[in-house]
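> fold the following, please.
(2 chains)
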Amino acid sequence: AQSVTQLGSHVSVSEGALVLLRCNYSSSVPPYLFWYVQYPNQGLQLLLKYTSAATLVKGINGFEAEFKKSETSFHLTKPSAHMSDAAEYFCAVSKGGGADGLTFGKGTHLIIQP
Amino acid sequence: KAGVTQTPRYLIKTRGQQVTLSCSPISGHRSVSWYQQTPGQGLQFLFEYFSETQRNKGNFPGRFSGRQFSNSRSEMNVSTLELGDSALYLCASMAAQVNTGELFFGEGSRLTVL
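This is a model prediction of the structure:
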């Protein structure tokens, strides 16, 4: 079975500060890992994905994430937060290859303070 | 290119009724997945269809069913509605035949069961 744990249901940072959203996964096989973002009253949008190529993955809107197998982590970072980054962020894991759907974490609500 | 379209966006039903939700995927996408999003359980995978066949299924009771048509449009049906079925139902389409996890989500259908 696979699972995802996101530490912190709410994270608050000041505009211009570093954003760090934590995600730890559990998977019996090498995983595919994803970060999705959900803005209010909208569906989810893919930010970035890891599929066993480079361990440092760059995504849209200046976000990036690093896959660390030894720590079973896939934390999301952005050097400088912008007000438009305020949203719900979801980490997800998939076994890929048509095995099953995505397993999502509970989500982290990112609050940007002016 | 039009995105994933879900109808209706909002609906209210009473316990015991049934509901049908519709999803039109991005043109050319043959895979359609459905997810249920609630504050308590988060995002949970319902099922996935590819070329009119259910390829994957989550852990939901048989009251939840779906189908896909030859034009890749999909419907999901929930029979004998319960209060706990109140949720945002998200549809997502995928371009690749293999499950890469790169999903394109619609804005969802928000179901309220009274």
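> neighbours of residue A:56, just the number please.
For residue A:56, the count of nearby residues is 9 (other C-beta atoms under 10 Å in any protein chain shown). From N, CA and C alone the C-beta is placed, and that goes for glycine too.
> ok, what's across the strand from the residue nearest to it when sequence neighbours are not counted?
Of all residues not flanking residue A:56 in the chain, residue A:66 sits nearest, at 5.1 Å (C-beta to C-beta, 6 or more residues apart in numbering or on different chains). Here residue A:66 sits in beta bridges with residue A:56, residue A:75, as judged by DSSP bridges.
> and the pLDDT at residue A:66?
Residue A:66 carries a pLDDT value of 94.
> what average pLDDT does stretch A:33-43 get?
So the average pLDDT for stretch A:33-43 ends up being 92.
> next: stretch B:56-67.
For stretch B:56-67, the per-residue pLDDT averages 94.
> buried stuff in it?
B:56, B:58, B:60, B:64, B:65, B:66 (16 or more other C-beta atoms under 10 Å in any protein chain shown).
> hmm, who's touching it?
A:98-101, B:33-34, B:36, B:44-49, B:52, B:54, B:74-80, B:99 (C-beta atoms under 8 Å, 6 or more residues apart in numbering or on different chains).
> wait, what's in contact with residue A:20?
Listed by C-beta under 8 Å, 6+ apart, the contact partners of residue A:20 are A:11, A:75, A:76, A:77.
> buried among the residues you listed? Make that a PyMOL selection.
To isolate the buried members of the contacts of residue A:20 in PyMOL, using 16+ other C-beta under 10 Å:
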select buried, chain A and resi 11+75+76
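> enumerate the residues of chain A near chain B.
A:32, A:34, A:36, A:41-46, A:49, A:51, A:90, A:92, A:94, A:96-107 (C-beta under 8 Å from any C-beta of the partner chain).
> what's the neighbour count on residue A:93?
The burial count for residue A:93: 23, using other C-beta under 10 Å.
> surely it is in a helix?
No - looking at residue A:93 with DSSP: H, G, I helix; E, B strand; the rest coil, it is strand, so not inside a helix.
> what bridges to the most centrally placed residue in chain B?
When C-alpha atoms, centre = their mean is applied to chain B, the residue found nearest the centroid is residue B:34 (3.1 Å). Per DSSP bridges, the residues bridged to residue B:34 are residue B:47, residue B:91.
> how about the helix or strand where residue A:4 lies as CSV, C-alpha atoms only?
Using DSSP states H and E, residue A:4 falls within strand A:3-7. Output of strand A:3-7 as CSV, limited to C-alpha atoms (Å, rounded to 0.1, in the frame of the first residue of the first chain):
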residue,chain,number,x,y,z
SER,A,3,0.4,6.6,1.4
VAL,A,4,1.4,10.3,1.7
THR,A,5,1.7,12.4,4.8
GLN,A,6,1.8,16.2,4.6
LEU,A,7,3.1,17.9,7.7
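> measure residue A:94 to residue B:59 for me?
16 Å (C-beta to C-beta, to the nearest Å).
> typo on my end, it should be residue B:22
24 Å.
> neighbours of the residue nearest to residue A:56, how many?
15.
> for residue B:18, same thing?
11.
> partner strands of the lowest-mean-pLDDT helix or strand in chain B, parallel or antiparallel?
Ranking every helix and strand in chain B by mean pLDDT, DSSP states H and E puts strand B:53-57 at the bottom, with a mean of 90. Next to strand B:53-57 in the sheet, as set by DSSP bridges, lie strand B:42-50 (antiparallel).
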